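below is the sequence, then the predicted model.
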Number of protein chains: 2
Amino acid sequence: MNEQQTSIDIIAKHQTTLEQAREAVKTRKSWSPFKDSPSTKIHGPEKPSLGKAAFTAHLNQPFTLDLPGIKGWAGEEVSPFTQQKLGITYPLCEPENIIGSAKRAMASWAKASPDLRVALCLEIAQRMYDRNFEMVHSVMHVAGQSYTQAFSGSGPNALDRGIEALAYAAIAMDNVTPSAQYHRTFGREEVNLDKTYTLVPRGIGLVICCASFPTWNAYPAMFASLATGNPVVVKPHPIAILPMAIVVETCRATLAEFGFDPNLVTLAADTLAEPVAQHYIKHPDVQIIDFTGSPRFGHYLESTVTRKLLYTETAGVNSVVVESVDNLAESMRAIARATSLFSAQMCTSPQVVYVPKDGIKTADGHASFEQVAQTLVNEIDAIGHDPKLAAGIMGAIQGQVSLDVVEEAEAMANKHGLPILRHGEAYPHPDFPNARTLTPLVISTTSAHKQMYSEERFGPVLFIVAAQSGDDAAHEATELARTRGTISCYLYSTDEDFIHRWVDEYAQVGANLTINLTGAMWINFAAAYSDYHVTGLNPAGNACLADLSFVASRFRIAQRRRPISEGAA
Amino acid sequence: MNEQQTSIDIIAKHQTTLEQAREAVKTRKSWSPFKDSPSTKIHGPEKPSLGKAAFTAHLNQPFTLDLPGIKGWAGEEVSPFTQQKLGITYPLCEPENIIGSAKRAMASWAKASPDLRVALCLEIAQRMYDRNFEMVHSVMHVAGQSYTQAFSGSGPNALDRGIEALAYAAIAMDNVTPSAQYHRTFGREEVNLDKTYTLVPRGIGLVICCASFPTWNAYPAMFASLATGNPVVVKPHPIAILPMAIVVETCRATLAEFGFDPNLVTLAADTLAEPVAQHYIKHPDVQIIDFTGSPRFGHYLESTVTRKLLYTETAGVNSVVVESVDNLAESMRAIARATSLFSAQMCTSPQVVYVPKDGIKTADGHASFEQVAQTLVNEIDAIGHDPKLAAGIMGAIQGQVSLDVVEEAEAMANKHGLPILRHGEAYPHPDFPNARTLTPLVISTTSAHKQMYSEERFGPVLFIVAAQSGDDAAHEATELARTRGTISCYLYSTDEDFIHRWVDEYAQVGANLTINLTGAMWINFAAAYSDYHVTGLNPAGNACLADLSFVASRFRIAQRRRPISEGAA
């Protein structure tokens, strides 16, 4: 089979998926080419154990990647579930070699058709889906996500976001016709021109991944850059390299198989002691930076990076306003689940719950502030006191730093005499006795202590704030979003006027809002193709994953024109 | 007629134009809703004199605009044609008042439908077209453009670019569905959500205009920002305020007539002694900056502006490579016209012509380097020695600084013993005996004197460079584009292999290329809807006017979702 035929075949193989993805981002309906449940009914009986074995085979071994400029090997990952070192080492490369090879690889990739580039990204997505049972354990043992969350959130849900970005890249590139004929009369002369429009990639894309959810934003960033012709350097967090090493390995194998230079996708692993990100960030050949991580570093990039594209998702302080509810227990259960999920180590985890100090209306009558707070605590207890349930929802705490964050918050609450409604405590993990676990700490407070809850505390700590009124709560919540950033806000109210009064304000501060959601869907679940993730309007990030703006500048257009009579342009 | 009906009517009025514009940017065929000739056969016998009278009425008067925070009046425009002061004064405003009022005006504008915002921009375009005979004289007497060029280039051709940006804004906004229904099963539960997606404007758009061609990039920038919901502050160059004051006046009147706050569009006039741009550039409420002007200030912005959108078009060094030609005189005529047009004070004016030192092939046999150069000089003479033709093509020199640039270049050439093939000289303008005019200086040189021609010299000076070969010429031209920037490059060759060998290299350095064009169409004519102007890939600018990338980030998307059973979202 020749190269051209191979290209045609792979484009054909993924054509329907691409068309459906493009349709989905337009209609924003529910859609995915994947299943996000690990059930063996879907995947068959063998895949789970094969995946686990593939993960186990990585342990205490070098992770072999034939990267350019390898100057050493290192790895310092520790499993949050076993608190043991994984013992995997990764190649540490000379940045100049990585960059030089990426630049060389770009030439032929830039000339490949957009259709082919998109199709190869879809092929990579498919292969990552096929490796998802290996990914599950890899994510669990670097990040601490539970088995089911690692399967869905770091697998299909994240891959879907990559495909969503691909759909936008395809739309943006399709918007540029490859050629045109131009006919116009100037004076008495008919002028006929052939015009050719060439898509030119920007340059190397650097993808800086976060530690707790590495694949989540990596797929959209990688696919957006790759599809538009740019090589990608993946810079994983040094405590969570394995998932991204697997992704890079898959990308390189796929690209090589289809005749492209594998150095289109490289891994820039580093160590906590010797970080390499700055070298890439400052290099003139790196033209695109996708960053997911701490607000501190994100804001540093936002205020220093010039002459490059920069897309950030950092974090904010997500809030819930409980103005009134239909069913108190169900509403509090929804919040409890959201705050418990991955022990609040998510960019969508709520940290602040505003409740009017005089209580709220419910279908069953008035509920005092204390009753609301207690119901919420009870619902957290229902998870935290059930080790099997807790294991599935809370997973483990990735780093000691999050335990410290919670300890600090409790100390601060004690110092200010704030009621601790619930202490955070380790729950016994049924499968991993040494797991680093912690259930949510819940603090009751008021806006007098705003400084405590209005900065992101990355760990399982929840503040229940007694607000003067529902409107006051919404005012505080939107002001918090505007000044400190937010990715997801939540609102419970049975008063349509109240909702109507505030939805616009939430939009203006760039807070994506979930209203009155209870039941089976996690309120902080973000559905690719349907939910826009991050608005770029507040300090929680400058980008949206994904929209046209996320992809449209990753390539540029160069044109040429010449008289038609001359023949081919 | 109520407000809603008015909105429906204005949308309907411009619907066909918008549809055709969207079609045109997709097919990139030749199209315009306007006529770019000033012929009275098109416009009737009265418009020219009425327009001139309207211009004359501005002279020696304050230009009344009811702007917020007026703290004084000033104006220092001098006509390049009469070298007399225009005597027009403009309101100087307190930036904080301009910004505060723009921000207040934004609230209701953001809530207007995208369709209405686009339609009102189209209405503004139509009204500017109606005022074009007034604009002609206004542009002539601040910038020095000839009558015909001011009519077309600063009128319909520029308005078309604004409408082109509107088409892209409409495409980008249409890409976001205003609402969706989401149905998915989680576990055994069917979840049904109403989702609402709100377009949220970024913030105030600052449009910094250049002195020599103020409306050219102003329309696309203003319309791109306005259509996506952002207010606009126009900061004209202090020596060329009048054209933009007329535009701002028209915008404000139109917006007010349709019930919007006129402070959506304001004028931030200033003086050379007390510039105000920095105040706006640094203000946090200014979220978008569109800059057209000097490379020096453009590069300063590119290397300092963070946390804002920045779109620049500065300038580069445009080159012509003459490798071989069919008809020598026709090719040289095309180059001569391009370099003569507006006395090379255009972003598309060629400054360097590379010709192989051993001469070139032509249909009539071999032509030596000297013959090629002499033919080019003859063709410039044919314009420069015919005052009527020169007046129509060259117009006047906007500022003394351009005369100095040419004098400096000649002194430098003399110092290095380079042959002056043609001296720049004033030509007598038939209508304006005091016009500041200058025909092109032509210097013969080699790459040994690269530093002379490889920086932009803003004035009528042309370097003919004896290259080692055609390939050497193309190599130098593309390297010049890559390092110094370019907006338009030109290539003449009858050798298809040669063309094929170089077109990709031109694309990679972001040089839009015109090949073998002779005849009635100016080789440096850029057709809105069909030609992409600026690639953003080299130092001549970071944006393309216009493509999706020019508009897609000017608004953001905020969403909300809630269970369907609850009723309206």
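Thanks, I have it.

so stretch A:326-344, near chain B or not?
No: applying CB under 8 Å from any CB of the partner chain, one finds stretch A:326-344 separated from chain B by no less than 9.2 Å. Any C-beta I mention is one placed from the backbone N, CA and C, and that applies to glycine too.

how distant is that stretch from the center of its chain?
Taking CA atoms, centre = their mean, to the nearest Å, one finds stretch A:326-344 lying 22 Å from the centre of the chain it belongs to.

what are the buried residues along it?
Neighbour counts over stretch A:326-344 (16 or more other CB atoms under 10 Å in any protein chain shown) mark A:326, A:328-344 as buried.

quick one: average pLDDT of it?
Stretch A:326-344 shows a mean pLDDT of 98.

one more: stretch A:364-377?
Averaged across stretch A:364-377, pLDDT comes to 98.

likewise stretch A:260-275?
In the prediction, stretch A:260-275 has an average pLDDT of 98.

for it, which positions count as buried?
A:Phe260, A:Asp261, A:Pro262, A:Asn263, A:Leu264, A:Val265, A:Thr266, A:Leu267, A:Ala268, A:Ala269, A:Asp270, A:Thr271.

and what of stretch A:347-358?
The neighbour-count check on stretch A:347-358 (16+ other CB under 10 Å) flags A:Cys347, A:Thr348, A:Ser349, A:Pro350, A:Gln351, A:Val352, A:Val353, A:Tyr354, A:Val355, A:Pro356, A:Lys357 as buried.

show me what contacts A:Val265?
By CB atoms under 8 Å, 6 or more residues apart in numbering or on different chains, the contact set of A:Val265 is A:Met222, A:Leu226, A:Pro231, A:Val232, A:Val234, A:Val248, A:Cys251, A:Arg252, A:Leu255.

what kind of secondary structure is A:Val200 in?
Following DSSP: H, G, I helix; E, B strand; the rest coil, we place A:Val200 in the strand state.

before we move on, the earlier item: which of the buried residues of stretch A:347-358 fall within strands?
Among these, the residues falling in strands (DSSP state E) are A:Pro350, A:Gln351, A:Val352, A:Val353, A:Tyr354, A:Val355, A:Pro356.

top helix in chain A by residue count?
Secondary structure of chain A read by DSSP state H shows that its longest helix is helix A:3-27.

now do it: which elements does it pack against?
Contacts defined by 3 or more CB pairs under 8 Å, 6 or more residues apart in numbering or on different chains; DSSP states H and E place helix A:3-27 against helix A:114-130, helix A:156-174.

and the two most separated of the ones in strands among the buried residues of stretch A:347-358?
The distance between the two most remote of those (CB to CB) is 18.8 Å, for A:Gln351 and A:Pro356.

pull the most distant pair out of the buried residues of stretch A:260-275.
Checking the buried residues of stretch A:260-275 with CB to CB, the most distant pair is A:Phe260 and A:Thr271, at 30.0 Å.

now do the strands in the stretch 301-450 of chain A.
With strands called from DSSP state E, counting those that start in this stretch, the stretch 301-450 of chain A shows them at A:309-313, A:318-322, A:350-356, A:360-362, A:365-367, A:420-422, A:441-446.

so can I have TSV of the ones you listed showing distance to B:Thr483?
TSV is the format used below for those (distance: least, CB to CB, whole Å):
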stretch	distance to B:Thr483
strand A:309-313	21
strand A:318-322	47
strand A:350-356	50
strand A:360-362	65
strand A:365-367	69
strand A:420-422	63
strand A:441-446	58
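
of all those, which one is nearest chain B?
Across those, chain B has its closest neighbour in strand A:309-313 (8.6 Å, CB to the nearest CB).

follow-up on the earlier one: tell me what angle the longest helix of chain A forms with helix A:114-130.
Helix A:3-27 and helix A:114-130 meet at an angle of 80 degrees, taking axes from the mean of the first three to the mean of the last three CA atoms, to 10 degrees as the criterion.

may I have the following helix or strand past helix A:3-27 exported as CSV, CA atoms only?
Of the helices and strands lying after helix A:3-27 in sequence (DSSP states H and E), the nearest is helix A:40-43. These are the backbone C-alpha positions of helix A:40-43, laid out as CSV (Å, rounded to 0.1, in the frame of the first residue of the first chain):
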residue,chain,number,x,y,z
THR,A,40,-16.5,-5.4,31.1
LYS,A,41,-19.9,-5.7,29.5
ILE,A,42,-18.6,-3.0,27.1
HIS,A,43,-14.9,-3.7,26.9
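
and helix A:40-43 with chain B, contact?
No: Helix A:40-43 does not reach chain B (CB under 8 Å from any CB); its nearest approach is 13.7 Å.

okay, buried residues for that helix please.
So for helix A:40-43, counting by 16+ other CB under 10 Å, buried means A:His43.

who are the contact partners of A:Ala158?
Neighbour list for A:Ala158: A:Phe213, A:Thr215, A:Trp216, A:Ala218, A:Tyr219 [criterion: CB under 8 Å, 6+ apart].

circling back: most neighbours per residue, which of the strands of the stretch 301-450 of chain A?
Among the strands of the stretch 301-450 of chain A, strand A:318-322 has the highest mean neighbour count (mean count of other CB atoms under 10 Å in any protein chain shown), at a mean of 29.

contacts for that strand?
A:331, A:335, A:348-356, A:360, A:372, A:470, A:473-474, A:476-477, A:480-481, A:486-493, A:502, A:524.

next, count neighbours for the closest residue to A:His14 other than its chain neighbours.
Excluding its sequence neighbours, the residue lying closest to A:His14 (CB to CB, 6 or more residues apart in numbering or on different chains) is A:Leu122, at 3.9 Å. Using other CB atoms under 10 Å in any protein chain shown, A:Leu122 is surrounded by 25 other residues.

wait, A:Leu206 sits on A:Thr292?
No: if you go by CB atoms under 8 Å, A:Leu206 and A:Thr292 don't touch, sitting 11.8 Å apart.
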